[in-house]
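[1] just a sequence and a predicted model for now, questions to come.
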Amino acid sequence: MSNQKDHAALAAAFNKDEARVDWHDQTLWWVRAKRDKAAAQVPDWEALRDTASRIKDNVLSNLSDYLRQFEEAATRNGIIIHWAADAQEHNDIVLSILRNHKVHRMVKSKSMLTEECHLNEFLKDNGVEVVDTDLGERVVQLADEPPSHIVLPCIHWKKEEIGELFHQHLGTPKGNADPQLLTYAARLHLREKFLTRRVALTGVNFAVAETGEFVVCTNEGNADMGAHLADVHIACMGIEKLVPLRRNLGVFLRLLARSATGQPVTTYSSHFKRPRPGQEMHVVLVDNGRSTHLGRADFRNSLKCIRCAACFNTCPVYRRSGGHSYHTAVAGPIGSILSPNLDMKKYSDLPFASTLCGSCSNVCPVKIDIHEQLYKWRQVIVQEGNATAAKTAAMKTMSWVLSNPGIYHSAGKAGRWFMLNTPFVVKNKWNAWYLQRELPEPPKQSFSQWYKKNRKQ
Amino acid sequence: MRVGLFIPCYVDQLYPQVGIATLELLEKFGCEIVYPPNQTCCGQPMANSGFEHLTGECTTLFAKNFAGFDYIVSPSGSCVLHIKEHAHADAGLHDRTFELVEFLTDVLRIDRLDASFPYRVGLHQSCHGQRDLHLAQMSELMAPPFSKPMQLLNMVKKIQLIPLDRKDECCGFGGTFCVAEEAVSVKMGKDRVADHSKHGAEVITGSDMSCLMHLEGILRRQKSPVQVKHIAEILNSNIEA
């Protein structure tokens, strides 16, 4: 894992401040509870999930056809389509559009794809200033860190800390953490950017193959503000974001906001179909590993993801380890099954950052079998040589003992073998267990010894 | 009815009283229970760590030990899940293997129990039993509630079952997760323990001893008077106040 700290180490650092972990856990649990309430109000919630999942099955099985259909329809509408095989191509395309217009500063609304492609850093290195206009994104951008959550980018920040950050960067009064004052300051700050930037980049929540339009969902209206005021609108999307028909949106828009934040629908669900007169509209279709992923039978399902982050909010590990512990653009359970496809070695720790409790699969609005894929990734990661030699040796010993009853029973007298070799201590002996927990007390005899004495055989 | 009793390795070694309670409980219902002496482990610890490919011999040994029974019953949802879904899905054992609670409610279909347990009890709903074996409805799904372990606990006299703020949140054990991700694992366990304590539990019960072992480790480190008991121990109890 080179110099990168793994999830366990980053999560341990996050857990040094227990009160903060409690606060983080409770904040996200509150979002999960809101989701439960919103979902319960839809009479056929489970049927809706099932429908969404099947529509996405269709999309994934016919992706190339839908992409061509979308390209044709969008082109007819006057949208300029670009194809990017990977993150580098995506970044180059965006830069070339900016250069064609001799523009060196732009506004951007929340786009996890550009986080995945590290567009901000790339543009900065090429002399382009990017201002993220989603409030949460702006907070983390001012703090010079990545989002910790794909829907709630600065959920790990307390309002007092944002007050201090805004004091430093936007000149708000020191010590003032009044949300109204802070959002008003952000509003003034961003208004100036919206009015003066000629290029706006947005993400895409859904693209409709039938009509060549795309839909951007936000609560702040910042994507609309940017796109409507700019001469050039660049929309970047992963190739899996397609739905076949416009009416499919009736399924997905009902699921998205309820799953994400417990709202019935996002404040703005804006449809972009053609550039207004004098405006230029670009859509960049990005593969960046998605075709490879589509070819992995056990994992292709994860391309159904609509980025609602319900799996983040319900995940007991995410809530107690924070988004940055996943060291990837898309954190949480879904990130743990998407990221190994991008770089298996770098992200080999993520499928293990889970207890396989299964709550993620149950909240997923498109029914991705997330926890089963976590289990399957573990097998792939080990098979492809990403387990440490110590772990492999321990597992081999365990397998040998457990395959040989004679050895197991003679080694296991009253728990002795277990005290030395139990599955959960292979890496750290009993130390890691014992840091904050007592050991079970070994009994005088095992069950099998008791059975031999007390039951006829 | 011949029932093969599968006692998971760590229960055999560390919690023999759970094996004994399971055996005695099943005997009360007239089952012919046999404990094959050469059994060891289902292989889950290796599989969940990514070493499913090393579990072949464990799986073969298990199939050999448990051939010829009408049913295979085990007091662990997690191990049963592994047998059903990962190890023996095609060996004909999966549809004969039951976790103890579901065996009592779905196969034996018991409607009364001669048990008494005069304590305030919190039910820890272990994830594999719940979300994979469907021993209880899951809070994430918009579907009618049910709970097989609660159905059984409600037959116990003098028991007081306490509510929880988060009735199906994971305890953080997670197999090797409990040491590989020690910080998060312990924090999850502490939060579960706090939920039970806050609601006045004297005993935390559940159908997976591994979760309870983790919670017990935390309780004892905290010097808490709260005890853990496997559900088989409560269902097999006859304690008058």
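    On my side now, so go ahead. Numbering: from 1, shown residues only, chains lettered A, B, ... in the order given.

[2] rest of the way, CA atoms for contacts and neighbours
    Fine.

[3] for A:Tyr347, which non-adjacent residue is spatially closest?
    Nearest residue to A:Tyr347, sequence neighbours excluded (Cα to Cα, 6 or more residues apart in numbering or on different chains): A:Pro340, at 5.2 Å.

[4] if we ignore the residues flanking it in sequence, what's nearest residue 130?
    You didn't pick a chain, so chain A it is. Using Cα to Cα, 6+ apart, the nearest residue to A:Val130 is A:Met106, at 5.2 Å.

[5] that's the other chain; I wanted chain B
    B:Ala136 (5.3 Å).

[6] about what we covered before: check which helix or strand the residue nearest to A:Tyr347 maps to.
    A:Pro340 belongs to helix A:332-342 when elements are defined using DSSP states H and E.

[7] what about the strands in the chain?
    No chain specified, so I'll use chain A. Taking DSSP state E as the test, the strands found in chain A are A:80-84, A:105-108, A:129-132, A:199-202, A:206-208, A:213-218, A:232-238, A:242-243, A:268-272, A:280-286.

[8] that's the wrong chain, I meant chain B
    Under DSSP E, chain B gives strands at B:2-5, B:32-34, B:71-74, B:97-99, B:120-123, B:160-161, B:203-206, B:227-230.

[9] reformat those as JSON lines; add mean pLDDT.
    Formatted as JSON lines, the strands of chain B follow (pLDDT from 0 to 100):
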{"stretch": "strand B:2-5", "mean pLDDT": "96"}
{"stretch": "strand B:32-34", "mean pLDDT": "95"}
{"stretch": "strand B:71-74", "mean pLDDT": "96"}
{"stretch": "strand B:97-99", "mean pLDDT": "96"}
{"stretch": "strand B:120-123", "mean pLDDT": "98"}
{"stretch": "strand B:160-161", "mean pLDDT": "98"}
{"stretch": "strand B:203-206", "mean pLDDT": "98"}
{"stretch": "strand B:227-230", "mean pLDDT": "98"}
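
[10] chain A is nearest to which of these?
    strand B:32-34 (8.3 Å; Cα to the nearest Cα).

[11] correct me, but the residue nearest to A:Val130 touches A:Thr202?
    No. Checked against Cα atoms under 8 Å, the pair A:Met106 and A:Thr202 is beyond contact range at 10.9 Å.

[12] just to revisit the earlier point, ok, now how distant is the residue nearest to A:Tyr347 from chain B?
    From A:Pro340 over to chain B the distance is 14 Å, taken as Cα to the nearest Cα, to the nearest Å.

[13] next up, the contacts around that residue.
    Contacts for A:Pro340 (Cα atoms under 8 Å, 6 or more residues apart in numbering or on different chains) come out as A:346-348, A:350, A:377.

[14] repeat that for B:Glu202.
    Per Cα under 8 Å, 6+ apart, neighbours of B:Glu202: B:119-122, B:225-227.

[15] among those residues, which pair sits farthest apart?
    Largest separation among the contacts of B:Glu202 by Cα to Cα: B:Gly122 and B:Pro225, giving 13.9 Å.

[16] so for those two, which residue has more residues nearby?
    Neighbours per residue, other Cα atoms under 10 Å in any protein chain shown: of B:Gly122 and B:Pro225, the larger number sits with B:Gly122, 25 against 12.

[17] who's the closest residue to that one other than its chain neighbours bridged to?
    Nearest residue to B:Gly122 in three dimensions, chain neighbours excluded: B:Ile204, at 4.9 Å (Cα to Cα, 6+ apart). Counting by DSSP bridges, B:Ile204 forms beta bridges with B:Gly122, B:Val228.

[18] measure stretch B:223-233 end to end?
    Length of stretch B:223-233, first residue to last, Cα to Cα, to the nearest Å: 22 Å.

[19] ok, and for it, which residues are buried?
    Residues B:226-233 are the ones in stretch B:223-233 that count as buried (16 or more other Cα atoms under 10 Å in any protein chain shown).

[20] for chain B, longest helix please?
    If each helix of chain B is counted by residues according to DSSP state H, the longest one is helix B:182-198.

[21] just name whatever secondary elements that one is in contact with.
    helix A:7-14, helix A:316-319, helix B:177-180, helix B:209-221 (3 or more Cα pairs under 8 Å, 6 or more residues apart in numbering or on different chains; DSSP states H and E).

[22] give me that answer again for 10 Å
    On a contact count with 3 or more Cα pairs under 10 Å, 6 or more residues apart in numbering or on different chains; DSSP states H and E, helix B:182-198 meets helix A:7-14, helix A:18-40, helix A:316-319, helix A:431-434, strand B:120-123, helix B:177-180, strand B:203-206, helix B:209-221.

[23] does any part of stretch A:151-164 sit near chain B?
    No. For stretch A:151-164, no contact with chain B is found by Cα under 10 Å from any Cα of the partner chain; the gap never falls below 16.5 Å.

[24] re the thing from before, out of the contacts of A:Pro340, the closest to chain B would be?
    A:Trp377 (7.8 Å).

[25] what is the burial count for that closest one?
    Counted with other Cα under 10 Å, A:Trp377 comes out at 25.

[26] pretty sure it contacts A:Lys345?
    No. Judged on Cα atoms under 10 Å, A:Trp377 makes no contact with A:Lys345 at a distance of 11.8 Å.

[27] weakest of the helices and strands packed on helix B:182-198 in terms of mean pLDDT?
    Lowest mean pLDDT of the helices and strands packed on helix B:182-198: helix A:431-434, a mean of 79.

[28] mind listing the helices for the stretch 301-450 of chain A?
    A:310-314, A:316-319, A:332-342, A:359-363, A:370-383, A:389-402, A:405-411, A:416-421, A:431-434, A:447-454 (DSSP state H, counting those that start in this stretch).

[29] quick check: which of the ones you listed is buried the most?
    Ranked by mean neighbour count, the helices of the stretch 301-450 of chain A are led by helix A:310-314 with a mean of 29 (mean count of other Cα atoms under 10 Å in any protein chain shown).

[30] close to chain B, is that one?
    Yes. Judged by Cα under 10 Å from any Cα, helix A:310-314 and chain B are in contact via A:Thr314.

[31] setting aside sequence neighbours, what's the nearest residue to B:Asp132?
    B:Leu81 (7.1 Å).

[32] residues in contact with the one you found?
    B:42, B:44, B:87-88, B:94, B:97-99, B:128-129, B:132-133 (Cα atoms under 10 Å, 6 or more residues apart in numbering or on different chains).

[33] likewise A:Val59?
    Counting by Cα under 10 Å, 6+ apart, A:Val59 has contacts A:53, A:65-67, A:209, A:240-244, A:303-304.

[34] need the per-residue pLDDT for it.
    At A:Val59, the pLDDT value in this model is 98.

[35] give me the neighbour count for residue 127.
    You didn't say which chain, so I picked chain A. 12.

[36] not quite, go with chain B.
    Residues lying near B:Cys127 (other Cα under 10 Å) number 28.

[37] if I pick it, what's in contact with it?
    Counting by Cα under 10 Å, 6+ apart, B:Cys127 touches A:355-359, B:77-78, B:133-136, B:138, B:168-172, B:174, B:208, B:211.

[38] can we see that at 8 Å?
    Here B:Cys127 is in contact with A:357-358, B:168-170 (Cα under 8 Å, 6+ apart).
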